[in-house]
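>>> How does the following fold in three dimensions:
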Amino acid sequence: MGPGVVVTGLTLGALAVVSLLAFQASGAQDRAGGPRPTVAATTSGPAASVTPSASPTPTVPALPTTSGAGTRVVYSVGSHYVWLVDPKKNPQVVAAFAVTPGSVEPTPGSYPVYSRTASTTGTDGRQIEHVVRFAQQNGVVFGFSAPVDGASPTADPKAKTGGIRSTRQDGQLLWDFAPTGTKVIVVA
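Modelled structure (predicted):
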């Protein structure tokens with residue numbers, strides 16, 4: 001046997017082993033029970049995109065028709081849902097996820113993101129990250145954030161808090177999507 005035949009044989013063997021390992025790894029998340037992707041609704045009918053989210057949601061509410069135009073974050077105080085909308089993308093809804101509101105809800109309207117903080121302590125005393133603030137009303141600051149410990153907010157019901165909490169993964173999506181100046185549309 002010549003050296004070329006040996007090298008070819010070794011190369012084919014290595015490719016077979018790598019292919020087998022890749023095949024086995026492709027199903028590892030399913031077997032491990034890891035988080036499943038959720039489907040983000042679109043404004044163009046039944047078409048949907050897959051957006052990773054740690055919060056299992058069987059159905060995503062459709063983007064409200066009163067959510068404005070352009071690149072925007074849409075927050076529904078009625079369904080406690082957030083949609084990240086970019087009209088230059090197909091589909092336009094690049095992510096959608098459930099959130100947990102604070103004890104006070106913002107008034108419906110259009111607001112710009114005016115402040116962002118990578119990490120801080122929330123009004124409930126928890127460490128939070130990816131804070132995106134968009135409104136102040138009657139002494140309450142409204143913004144999106146994610147608890148670092150992953151726990152749900154436990155705000156004092158007597159305290160006025162406007163923190164809208166998401167999972168860490170969804171908080172990262174919103175943080176990456178909404179720099180200062182991005183429109184936040186609050187709908188009923």
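>>> Go through stretch 100-110 and flag the buried ones.
For stretch 100-110, a neighbour-count test (16 or more other Cβ atoms under 10 Å) marks 101-106 as buried. (Glycine included, C-beta is placed from N, CA and C.)
>>> try stretch 115-134
Quick answer for stretch 115-134 (16+ other Cβ under 10 Å): 116, 122-124, 126, 128-134.
>>> of those, closest to N90?
V132 (24.9 Å; Cβ to Cβ).
>>> Spatially nearest residue to the closest one (excluding sequence neighbours)?
F144 (4.6 Å; Cβ to Cβ, 6 or more residues apart in numbering).
>>> tell me the domain ranges of this structure?
3-32, 38-187 (automatic domain parsing).
>>> worst average pLDDT in those?
When the domains of the chain are ranked by mean pLDDT, domain 3-32 comes last with a mean of 41.
>>> Could you identify the helix or strand that succeeds the helix or strand hosting the residue nearest to V132?
If you go by DSSP states H and E, F144 is part of strand 140-147. For strand 140-147, the succeeding helix or strand toward the C-terminus, using DSSP H and E, is strand 162-165.
>>> all strands for this structure, in order.
38-42, 45-51, 72-76, 81-85, 93-98, 109-112, 115-121, 127-137, 140-147, 162-165, 183-187 (DSSP state E).
>>> closest to G171 out of those?
Per Cβ to Cβ, nearest to G171 of the strands of the chain: strand 140-147, 2.9 Å.
>>> picking that back up, max pairwise distance over the buried residues of stretch 100-110: which two?
Most distant of the buried residues of stretch 100-110, by Cβ to Cβ, are S103 and P106, 12.1 Å apart.
>>> Out of the buried residues of stretch 100-110, flag the one nearest to A188.
E105 (9.6 Å).
>>> I figured the closest one hits G78, correct?
No. Under the criterion of Cβ atoms under 8 Å, E105 is not in contact with G78, lying 9.4 Å apart.
>>> Any chance of the buried residues of stretch 100-110 in TSV with distance to I164 as columns?
As requested, the buried residues of stretch 100-110 are arranged in TSV below (distance: Cβ to Cβ, whole Å):
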residue	distance to I164
P101	5
G102	6
S103	11
V104	10
E105	9
P106	8
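>>> Could you give the separation between the terminal residues of stretch 69-80?
20 Å (Cα to Cα, to the nearest Å).
>>> I should have written stretch 73-90 there, sorry.
For stretch 73-90, the end-to-end distance is 16 Å (Cα to Cα).
>>> Buried residues, that stretch. List them.
Quick answer for stretch 73-90 (16+ other Cβ under 10 Å): 73-76, 81-85.
>>> repeat for stretch 152-170
Buried residues in stretch 152-170 (16+ other Cβ under 10 Å): 153, 155, 161-167, 169-170.
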